[in-house]
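Chemist: kindly generate the corresponding structure for this input.
(one chain, ligands or ions: 1)
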Amino acid sequence: MTQQRTRRLGNVVLHLVSDGICWMDGGAIFGVVPKAIWQRVAECDPQNRVPMELNCLLIETCDEVILVNTGFGPKMSPKEREIYRVPESRLLANLAELGFGPEDIHIVINTHLHPDHCGGNTTLVDGKPVPTFPKATYVVQEQEWHDATHPNERTRAVYLAENLLPLEERQQLRLIRGEEHIVEGIRCLPTPGHTFGHQSVVIESAGEAAIYLSDMAPWAVHLERLAWTTAFDVQPLQTVDVKRSIRQWALRNDALLIFEHDPRVPWGRLREEAGAVRVAEA
Ligand SMILES: [Zn+2]
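Modeler: Here you go, the predicted structure:
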C-alpha cells in the first residue's frame, strides 16, 4: 500500500517527512501491556524490537515553513545504528525530494528532547555539532529544556547535549511556557506524561483541525487504549488523562490525527462505535 505523504488541511499543506524506520524494544513501547497482548498488533523481530516510523511533519503555510521534530538525525554511532536498526538518516534527503533545503526551514518545533525526536536538530561540521537548519528558530517547552539540561539517573541516557546546546550557543533557541501560538493557526499544546514538558502541535485552518501527537500516542493503538503508555513515561497516569481529553477534542473537531511512530497508520481519525473509540485510517 502506498501511503499518501502530503495532504492539504484548510490553507496549509502537511507533509510527512520520514527520517527512516528504527526498531525499539517492544516492552519499552507498550509499557505494562504483556507481550502476549501487544504482539497481536505489533510484530517484533528476533530481538523483541518493533518497527517505529520516524515521521517528522513539515507544515507549509502562506509565509512559513515549519518542521516538527527531526528524527534520530545523522550523528549516531555505528553501534547506535545497530541497536536501533536504523541504517542512515533520511530526513534531509526526503526534504530535498520535496524541494526544501536546510536553509528553507523557518521554525523547528521539538515536541520533546528524546533523541529520536531531536537528533536531527544538529549536524557535525568538522566534528562539532551545529544547528542543521541555519535560519530556523527552534521552539521547545521551557520545562523540557530544563529537564533535558538537568537529567537524572533515569533520563540521562536519552537527553544528549549535542542535540541541544548548539541551538543555545547560536541563539536559535526559543523557550515557551505552556500553550502558545507559533504562527497563525499553529499552536504548541502541552501534553505532559511522557515527559513533564512534552507538547503536541495543533494545526487549525479554515475550519479543519489536525494534531501531531508525538509520544503521547506514538502508535494509533496508544490512543485507542488509554492504559497503553510507553515504559519511558515519567507520569503514565497523566498521559492517560491527557489522552482522554485529546480524544474528546479530536471527536468534537473530527481532527486529523498524525502518529509519529506508527509504521502502518500515520494519519487517522477517531470514530466512536458502541462506546469504544478506534482510529480509522484517513
Ligand atoms: Zn519517540
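
Chemist: what's around the residue nearest to Phe133 when sequence neighbours are not counted, how many residues?
Modeler: Leaving aside its sequence neighbours, Phe133 sits nearest to Ile105 (C-beta to C-beta, 6 or more residues apart in numbering; 4.3 Å). (C-beta placed from N, C-alpha, C; glycine too.) Ile105: 22 surrounding residues under other C-beta atoms under 10 Å.

Chemist: could you check how far Ile105 is from the ion?
Modeler: 21 Å (C-beta to the ion, to the nearest Å).

Chemist: that residue reaches Thr137, doesn't it?
Modeler: No: at 9.6 Å, Ile105 does not count as touching Thr137 under the criterion of C-beta atoms under 8 Å.

Chemist: for the residue nearest to Phe133, grab phi and psi.
Modeler: Note on Ile105: backbone dihedrals following degrees, to the nearest 10 are phi -90, psi 120.

Chemist: what residues are up against Lys75?
Modeler: Lys75 makes contacts with 119, 122-124, 129, 162-163, as judged by C-beta atoms under 8 Å, 6 or more residues apart in numbering.

Chemist: hmm, 7 Å instead?
Modeler: Counting by C-beta atoms under 7 Å, 6 or more residues apart in numbering, Lys75 touches 119, 124, 129, 162.

Chemist: Leu226 now?
Modeler: Contacts of Leu226 (C-beta under 7 Å, 6+ apart): 240, 243-244.

Chemist: narrow those to those in strands?
Modeler: Per DSSP state E, strands hold no members of the contacts of Leu226.

Chemist: out of those, who's nearest the ion?
Modeler: Lys243 (15.6 Å; C-beta to the ion).

Chemist: for the residue of the stretch 1-150 of the chain found nearest the ion, helix, strand, or coil?
Modeler: Sorted by distance to the ion under C-beta to the ion, the residues of the stretch 1-150 of the chain start with Asp116, at 4.4 Å. Following DSSP: H, G, I helix; E, B strand; the rest coil, we place Asp116 in the helix state.

Chemist: go ahead and confirm it touches Leu54.
Modeler: Yes: using C-beta atoms under 7 Å, Asp116 is in contact with Leu54, at 6.2 Å.

Chemist: overlap in contacts of these two?
Modeler: Taking C-beta under 7 Å, 6+ apart as the contact rule, Asp116 and Leu54 both touch 22, 71-72.

Chemist: so where's the longest strand in this protein?
Modeler: Assignment by DSSP E gives strand 12-25 as the longest strand of the chain.

Chemist: mean confidence for stretch 157-176?
Modeler: The average pLDDT for stretch 157-176 rounds to 97.

Chemist: sorry, back to before: what helix or strand is the closest residue in space to the residue of the stretch 1-150 of the chain closest to the ion that isn't next to it in sequence located in?
Modeler: Once flanking residues are discounted, Asp116 sits nearest to Phe72: 5.2 Å by C-beta to C-beta, 6+ apart. Assigned by DSSP states H and E, Phe72 falls within no helix or strand.

Chemist: by contact count, what packs against the helix or strand where Gln248 lies?
Modeler: In this structure, Gln248 sits in helix 236-253 according to DSSP H and E. Applying 3 or more C-beta pairs under 7 Å, 6 or more residues apart in numbering; DSSP states H and E, we find helix 236-253 packed against strand 208-212, strand 267-273.

Chemist: contacts for that helix?
Modeler: Against helix 236-253 from outside (C-beta under 7 Å, 6+ apart): 31, 191-194, 209, 211, 216-217, 223, 226-227, 229, 233, 255, 257, 270, 272, 277.

Chemist: give me the buried subset of those residues.
Modeler: 31, 191-194, 209, 211, 216-217, 223, 226, 229, 233, 255, 257, 270, 277 (16 or more other C-beta atoms under 10 Å).
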